[in-house]
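S.K.: Pasting a predicted model and its sequence here:
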Amino acid sequence: MFDELNKYKRTGHFIFRSTDNLAAVCNAPKGCSGLYIVYALKNGSIQLIYIGISGRKGSDGKIKHRLDGLRDRFLTGKQFGELRKISWPKQMKVEKIEALDIYWYVTYDEAYNDFPNELEDKLLEKHKSIYGSYQDGIKDDCESRPRKSTATVTGLFKRVFGGEEKAYEEMIL
């Protein structure tokens, strides 16, 4: 669905099960900015549940990298008020999610200078144009606030992880 991601050379993915140590399975690089997509594997189906970023375009027009980049987003970032290494396994067990399949892309490096937040906007809009809404867990709420952040955890991710809808301001940097 997201063919525009095929151009990136520094990419990867990892599978996370509720019994895994997130630090052990995460192969995302340190010190790099980019985008990641999370799919839930449940009952023999694969569902897109989240698009997130690490790094953003600063007010000076330059990239603002997160301290340890994409890897840090997973290991020290929070979801539902807790570190992902705690909140993801809990909710996966509750909702009987077999695994999360996480794909990451370095979008800003020596080869490409694509700001993650701008690419995220494009992917969210593409998803909306295909499905008519952000029904599969992806939602754009930028009409209600500045374009600092473009997504909230809702729909499928809300159902999958059983949490309340949360803006992901903390996910930007």
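M.R.: Great, that's in hand.
S.K.: make it CA atoms for all contacts and neighbour counts henceforth
M.R.: Noted.
S.K.: who touches residue 64 in this structure?
M.R.: When contacts are counted by C-alpha atoms under 8 Å, 6 or more residues apart in numbering, residue 64 touches 55, 56, 57, 58.
S.K.: Repeat that for residue 35.
M.R.: So residue 35 contacts 51, 52, 53, 54, 70, 104, 105, 106, 107, 116, 119, 120 (C-alpha under 8 Å, 6+ apart).
S.K.: Just to be sure, it is in a strand?
M.R.: Yes - under DSSP: H, G, I helix; E, B strand; the rest coil, residue 35 sits within a strand.
S.K.: which ones are touching the nearest residue to it once chain neighbours are set aside?
M.R.: What sits nearest to residue 35 in space, not counting adjacent residues and going by C-alpha to C-alpha, 6 or more residues apart in numbering, is residue 53, at 4.3 Å. Residue 53 sits next to 33, 34, 35, 36, 70, 116, 117, 120, 171, 172 when contact means C-alpha under 8 Å, 6+ apart.
S.K.: what's the closest of those residues to residue 26?
M.R.: Nearest to residue 26 out of the contacts of residue 53 is residue 70 (C-alpha to C-alpha; 9.8 Å).
S.K.: Show me where this protein has its strands.
M.R.: Assigned by DSSP state E, the chain shows strands spanning 11-16, 33-42, 45-54, 56-57, 63-64, 78-79, 82-83, 99-108, 152-153, 166-167.
S.K.: Tell me what residue 16 is bridged to.
M.R.: Beta-bridge pairing for residue 16 (DSSP bridges): residue 100.
S.K.: okay, which residue is most central for the protein?
M.R.: residue 52 (2.5 Å; C-alpha atoms, centre = their mean).
S.K.: Brilliant, that's me finished.
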